[in-house]
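K.L.:
Any chance you could fold what I've pasted below:
(chains A and B)
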Number of protein chains: 2
Amino acid sequence: MGGAAIAELGRRAKAASRTLATASTGAKDAALHAAADLLQHRAPEILDANAADVEQAQSEGVTSTVVDRLRLSDARIEGMANGLRKVGALADPVGEVVEGWTRPNGLVIEKVRVPLGVVAIVYENRPNVTSDAFGLCLKSGNAAFLRGSSSALRSNIAIANVLREGLTKAGLPADALVLVEDASYQVATEFMQLRQFIDCLIPRGGPSLIKAVLENATVPYVIDGDGNCHVYVDRHADLDQALDIVVNAKTQRPSVCNAAESLIVHEAVANEFLPRAARALEGVELVGDDASRAIVETIGPATTEDFATEFLDLKMSVAVVPSLDAAIERINTYGTGHTEAICTTDLDTARRFEREVDAAAIMVNASTRFTDGEEFGFGAEIGISTQKLHARGPMGLRELTTTKYVVHGEGQIRT
Amino acid sequence: MGGAAIAELGRRAKAASRTLATASTGAKDAALHAAADLLQHRAPEILDANAADVEQAQSEGVTSTVVDRLRLSDARIEGMANGLRKVGALADPVGEVVEGWTRPNGLVIEKVRVPLGVVAIVYENRPNVTSDAFGLCLKSGNAAFLRGSSSALRSNIAIANVLREGLTKAGLPADALVLVEDASYQVATEFMQLRQFIDCLIPRGGPSLIKAVLENATVPYVIDGDGNCHVYVDRHADLDQALDIVVNAKTQRPSVCNAAESLIVHEAVANEFLPRAARALEGVELVGDDASRAIVETIGPATTEDFATEFLDLKMSVAVVPSLDAAIERINTYGTGHTEAICTTDLDTARRFEREVDAAAIMVNASTRFTDGEEFGFGAEIGISTQKLHARGPMGLRELTTTKYVVHGEGQIRT
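P.N.:
Alright, predicted model coming up:
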């Protein structure tokens, strides 16, 4: 596939996006339900394609984790179908009048929510993303332009065929979903540079994918980046509560971006808290600074690199600080702007932490694990933005839209 | 100046931004007023520096338009000072709770408006931008990191020195304004790549500057791009009103981005409207398609390039279309997503135009010239975004902010 071929795919997605932008909520929901039903009815052909992907991956000797992400089952396909039905039940963000006012000269100005147009998603080897991303893009009135990994290509093609049939059944253009079937690196780079056709690119994957986007993309993008999340246990913390929060934030699901990676403890409570934390975090490898190691001897030595690392595993860095200021400074230095938690009972301390820590989400006396579209009540999420422009934090349907100003006059001219 | 030196400037701006993010509205307003007073008291030294810039520019043989943009006067300095005072009187966007809700598990989620951090502005030879950009950045709690053109360097240094003194007088860090004093091309490129220190870059200038940003910037940016704005005169238009709007949109200030560049007329009214428009637009060079030229012989032939050009001058392209669909198709093909106007009395036609034209602002029976921060009631503007992410249309103080989620719990953990 050359540059012309990928551009042609972009042109098709863009053309479909014009129709989708004014499609009724009813038509979009009908397509979501038709696609959901088809996913289940046509599960055998999707599973056949998936089996071929899995077989190839295994023959290439990938890890069992990768195979697990890649492998579909009837239950997983049902999950994808139910995901589409759930998005169908969410409120349509398109057409929302965000605000409106009348100017002294009589002009009536409205700021109206509209789709972005073509939303491109680059993702790795989870075939369910094909369906999930499609559902969120469709409901928000966007064409989905998808590029998955080569290891899931057969599965993605099978899923996309079924979803496109759902679109057609509901009278919407099949090109509301365009899958790039060439999963080469060169095409990925060309994809990220289709400024004419892509309104927003959202990469869903690990550090190497994010790096490729930062280096190569010329289209606008929203980064769902690393989460080097901290829990700070203040001198005024309720230590029992803090213990529950630290354990939950670290161990409830260590492989996700909103899991905690670093524990910071105020020196006034370190002697009491750290030994309890070390016991409660049994099975978690702890690495820390000298002060923490002087209190708990099982804590290993931490390098500067450790404090800057998102382990995504049962490993945690530990530091003792002399003050709230030092905790904030540490978090603003090592954090990635994702989620930062404080445990404190002191109002002033909480308010300073909220204001001075620079992150998408600040948790006061709650686990970092709550930064999530579902937990925030958005119904679904396309990712969690760690950038400041456009969207910050969990991204739901609204974050897949932009606004336009609609101004009504009666012949006003500017003098 | 090498890469290390520009990074050091960025580091200083970032450090100042931490203080500014939590500065009180009172302190920020005091600094704006102190800076405004100082600009006027120290006008002689600013004018001396400016005279040297003007002299050099003239010796290099630049056009009189360029010299006019560069030249300061007591009146212009007073205008800059009053601009700062006016920004001081605007509401502070920082701390606004945009929305908030309580989850079933008791978590209280608030979305709070916060500064971006360091806002970088690259601009051309208008020294007043140094002061204007500083004012908007400061009021919105951001450090301003400015890089003007070499031709205005002495003026910019003199202005920045005075503004920084205003900051110090109000007890705020002088580095809330950092001016890059090396105006070389290489440093401009390094500037656009300071991801660690720049939260948002806003270029203010012509197509070559925008092109440089698109090609070189790795920091997040908001583009204030071209305005190839159309006025579509529908078959249901009030033609007297349409005539006023077309003349105003084209001629009231042809050099700005919200001036109209193209006139589209429905064929049902073209015979009546076009001759009147050609007379009313006397002094404007008209170039058009065959259909328009068959009606008005003084219209010259237009190339495809003409229809895609933002003339910024007393020149306008003209086309006759058979339908609303054709008008919308034309606008979505040639437009730049800035401002598009329709003149019609038909409700359904207006609503279709509003929904189907893809632009930052849609004007129904009003001049394109109203797309402007002042005219929208924002009090001031840093530019007009033609992109879809983060901000679209006129950008005021709110568009210089982001949000963070502040979540309050009572020990909630995720199960």
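
K.L.:
Residue A:271: neighbouring residues, count only.
P.N.:
13 (other Cβ atoms under 10 Å in any protein chain shown). To be clear about C-beta, it is placed using only N, CA and C from the backbone, and glycine gets the same treatment.

K.L.:
Phi and psi next, for it.
P.N.:
When read as degrees, to the nearest 10, the backbone of residue A:271 gives phi -60, psi -30.

K.L.:
Enumerate every residue touching it.
P.N.:
residue A:295 (Cβ atoms under 8 Å, 6 or more residues apart in numbering or on different chains).

K.L.:
Give me the pLDDT value at it.
P.N.:
The model reports residue A:271 with a pLDDT of 98.

K.L.:
Repeat that for the one 10 residues further on.
P.N.:
Per-residue confidence (pLDDT) for residue A:281: 98.

K.L.:
list the contacts for it?
P.N.:
A:246, A:247, A:250, A:251, A:316.

K.L.:
swap the cut-off to 7 Å and go again
P.N.:
A:247, A:250, A:316 (Cβ atoms under 7 Å, 6 or more residues apart in numbering or on different chains).

K.L.:
if I look at it, how far off is residue A:412?
P.N.:
Computed as Cβ to Cβ, to the nearest Å, the residue A:281 to residue A:412 distance reads 66 Å.

K.L.:
swap in residue A:280?
P.N.:
67 Å.

K.L.:
Between those two, point out the one with more neighbours.
P.N.:
More crowded of residue A:280 and residue A:412, by other Cβ under 10 Å: residue A:412, with 23 against 14.

K.L.:
what bridges to that one?
P.N.:
residue B:366 (DSSP bridges).

K.L.:
pretty sure it contacts residue A:105?
P.N.:
Yes. Using Cβ atoms under 7 Å, residue A:412 is in contact with residue A:105, at 5.6 Å.

K.L.:
tell me which residues in the longest helix anywhere in chain A are buried?
P.N.:
As assigned by DSSP state H, the longest helix anywhere in chain A is helix A:3-21. The neighbour-count check on helix A:3-21 (16 or more other Cβ atoms under 10 Å in any protein chain shown) flags A:6-7, A:9-14, A:16-21 as buried.

K.L.:
Show me what the very next helix or strand once past it packs onto, helices and strands only.
P.N.:
Using DSSP states H and E, the helix or strand that follows helix A:3-21 towards the C-terminus is helix A:25-41. Helix A:25-41 is packed against helix A:74-89, helix A:128-139, helix A:153-169, with contacts defined by 3 or more Cβ pairs under 7 Å, 6 or more residues apart in numbering or on different chains; DSSP states H and E.

K.L.:
where do the strands sit along the stretch 201-350 of chain A?
P.N.:
A:229-233, A:260-266, A:285-288, A:300-301, A:315-321, A:339-343 (DSSP state E, counting those that start in this stretch).

K.L.:
quick one: what helix or strand has the closest residue to residue A:73 other than its chain neighbours in it?
P.N.:
The shortest distance from residue A:73 to any non-neighbouring residue, by Cβ to Cβ, 6 or more residues apart in numbering or on different chains, is to residue A:47 (7.6 Å). Element membership for residue A:47 (DSSP H and E) is helix A:43-59.

K.L.:
tell me the mean pLDDT over that helix?
P.N.:
On average, helix A:43-59 scores 97.

K.L.:
Equivalent analysis for stretch A:342-349, please.
P.N.:
Stretch A:342-349 comes out at a mean pLDDT of 98.

K.L.:
out of the helices and strands packed on helix A:25-41, deepest packed?
P.N.:
helix A:128-139 (a mean of 26; mean count of other Cβ atoms under 10 Å in any protein chain shown).

K.L.:
How far away from the center of its chain is it?
P.N.:
The chain centroid and the centroid of helix A:128-139 are separated by 13 Å, computed with Cα atoms, centre = their mean, to the nearest Å.

K.L.:
now do stretch A:76-83
P.N.:
On Cα atoms, centre = their mean, the centre of stretch A:76-83 falls 19 Å from that of its chain.

K.L.:
Same question for stretch A:325-337.
P.N.:
22 Å.

K.L.:
Buried residues, it. List them.
P.N.:
In stretch A:325-337, counting by 16+ other Cβ under 10 Å, buried: A:326, A:327, A:328, A:330, A:331, A:332, A:334, A:335, A:336, A:337.

K.L.:
Quick one, which of the helices and strands packed on helix A:25-41 gets closest to chain B.
P.N.:
helix A:128-139 (14.4 Å; Cβ to the nearest Cβ).

K.L.:
and for the very next helix or strand once past the closest one, what are the contacting residues?
P.N.:
Per DSSP H and E, the first helix or strand lying C-terminal to helix A:128-139 is strand A:143-147. Here strand A:143-147 makes contact (Cβ under 7 Å, 6+ apart) with A:10, A:13, A:16-17, A:20, A:118-122, A:130, A:133-134, A:137-138, A:175-180, A:188, A:191, A:198.

K.L.:
what do you get if the cut-off is 6 Å, keeping everything else the same?
P.N.:
A:13, A:16-17, A:20, A:118, A:120-122, A:133-134, A:137, A:176-180, A:191 (Cβ atoms under 6 Å, 6 or more residues apart in numbering or on different chains).

K.L.:
Near the closest residue to residue A:387 other than its chain neighbours, how many other residues are there?
P.N.:
Leaving aside its chain neighbours, residue A:387 sits nearest to residue A:223 (5.0 Å; criterion: Cβ to Cβ, 6+ apart). For residue A:223, the neighbour count with other Cβ under 10 Å is 19.

K.L.:
tell me the pLDDT at the closest residue to residue A:144 other than its chain neighbours?
P.N.:
Leaving out its chain neighbours, the residue that sits closest to residue A:144 by Cβ to Cβ, 6+ apart is residue A:137, at 3.7 Å. The model reports residue A:137 with a pLDDT of 98.

K.L.:
For the stretch 101-250 of chain A, what lies in contact range of chain B?
P.N.:
A:103, A:107, A:116, A:199, A:220, A:241, A:244, A:248 (Cβ under 6 Å from any Cβ of the partner chain).

K.L.:
can you redo the residues you listed as TSV with neighbour count and pLDDT?
P.N.:
Formatted as TSV, those follow (neighbours: other Cβ atoms under 10 Å in any protein chain shown; pLDDT from 0 to 100):
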residue	neighbour count	pLDDT
A:103	15	98
A:107	22	98
A:116	23	98
A:199	25	97
A:220	22	95
A:241	19	98
A:244	17	98
A:248	23	98
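
K.L.:
Just those residues: which are in helices?
P.N.:
Short answer: these in helices (DSSP H) are A:241, A:244, A:248.

K.L.:
just curious, which of those residues is nearest to residue B:167?
P.N.:
Residue B:167 has its nearest neighbour among those in residue A:241, at 41.9 Å by Cβ to Cβ.

K.L.:
residues in contact with that closest one?
P.N.:
Contacts of residue A:241 by Cβ under 6 Å, 6+ apart are residue B:411.

K.L.:
ok, 10 Å please
P.N.:
Neighbour list for residue A:241: A:233, A:343, A:345, A:365, A:366, B:409, B:410, B:411, B:412, B:413 [criterion: Cβ atoms under 10 Å, 6 or more residues apart in numbering or on different chains].

K.L.:
Many thanks, we can stop here.
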